[in-house]
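1. Sequence and computational prediction follow.
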Amino acid sequence: MPVKAEREYRSMPMLGIVERAAGEEAKSYKVRGYFTTYDQPYVLWKNPIDGTEYKEVIDRHALDEADISDVIMQYDHIGRVYARQSNNTLVIGINDDHGPWMEADLSRTSAAREFFEDIEAGMVTKMSWAFSVADDEYDIETHTRRIKKVRKVYDVSAVSTPANPDTEISARAYCEERAKEAADREAAALAEKYEERKAECLKALGATINSIHHGGEA
């Protein structure tokens, strides 16, 4: 699976098959499911040395202003497009309190129908979505990244290997960098307090010396 530098990738549960309506003989050729959840932290990366879990959570309003104008459905984030919003074969919903969801109609082309058959047969079992982030924050105490604003959703894809090594490396680098930034800020704040305290002590010491000096002169 290719990884583009400006995009982030997260695995999601496999989509469910939309059952045919009562009285219909033909398959629906539709799949549906949530591609993430709101306000529910998940483990982004676990440090193998000390066991620390670095987590991520998607804010409830992270997608309110995101560009979801033409999301597509692919396999492994490359190649053939099986469904897309611009021709109404892919629907994206963001106003569900549980999380954003998608529904794809895979009936339009023979390739899309074959893709549906692979999903139905269990040959394809994992999904992933690609997006970019406009704003986030990191809590050093809980080791949690909160994605506050998603800039754009590029695609939702069925994937052959959901745990991509490059994605894990990227996640680890992000967590380590943000943790270092937070630690540096704390160190800088402590250093500033130390200098303030030292100045106060020197001022008090100077006042004491002056008092003793003037007292001796008397």
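-> Thanks, I have it. Residues are numbered from 1 along each chain as shown.
2. Double-check residue 38 against residue 94; I have them as touching.
-> No - using CB atoms under 8 Å, residue 38 is not in contact with residue 94; the gap is 9.3 Å. C-beta here means a position set from N, CA and C on the backbone, and glycine is covered the same way.
3. what's the burial count for the residue nearest to residue 128 when sequence neighbours are not counted?
-> The shortest distance from residue 128 to any non-neighbouring residue, by CB to CB, 6 or more residues apart in numbering, is to residue 159 (4.7 Å). Neighbours of residue 159 under the rule other CB atoms under 10 Å: 20.
4. Bridge partners for residue 159, pull those for me.
-> residue 126 (DSSP bridges).
5. What is the helix or strand of the chain with the lowest mean pLDDT packed up against?
-> Least confident helix or strand of the chain, by mean pLDDT, DSSP states H and E, is helix 165-217 with a mean of 71. Packed against helix 165-217 by the contact rule (3 or more CB pairs under 8 Å, 6 or more residues apart in numbering; DSSP states H and E) you find strand 8-12, strand 42-46, strand 53-58, strand 126-139, strand 144-159.
6. Can you check which of these gets nearest to residue 175?
-> strand 53-58 (4.0 Å; CB to CB).
7. check contacts around residue 105.
-> Residue 105 makes contacts with 29-30, 83, 88-90, as judged by CB atoms under 8 Å, 6 or more residues apart in numbering.
8. From the residues you listed, keep the buried residues only.
-> By neighbour count, with 16 or more other CB atoms under 10 Å, these hold 29-30, 83, 89-90 as buried.
9. Sketch out the low-pLDDT regions of the chain for me.
-> 1-5, 14, 19-26, 162-172, 205, 213-218 (pLDDT under 70).
10. again, only using 90
-> 1-28, 32-36, 42-54, 76-79, 119-128, 138-141, 143, 157-218 (pLDDT under 90).
11. Now tabulate the helices and strands packed on helix 165-217 in TSV and tack on distance to residue 192.
-> Listed next are these as TSV, based on distance: least, CB to CB, whole Å:
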stretch	distance to residue 192
strand 8-12	35
strand 42-46	32
strand 53-58	28
strand 126-139	21
strand 144-159	26
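12. Out of those, which is closest to residue 185?
-> Set against residue 185 and scored by CB to CB, the helices and strands packed on helix 165-217 come closest in strand 126-139, at 10.8 Å.
13. tell me which strands and helices that closest one is in contact with?
-> Against strand 126-139 (3+ CB pairs under 8 Å, 6+ apart) you get strand 8-12, strand 144-159, helix 165-217.
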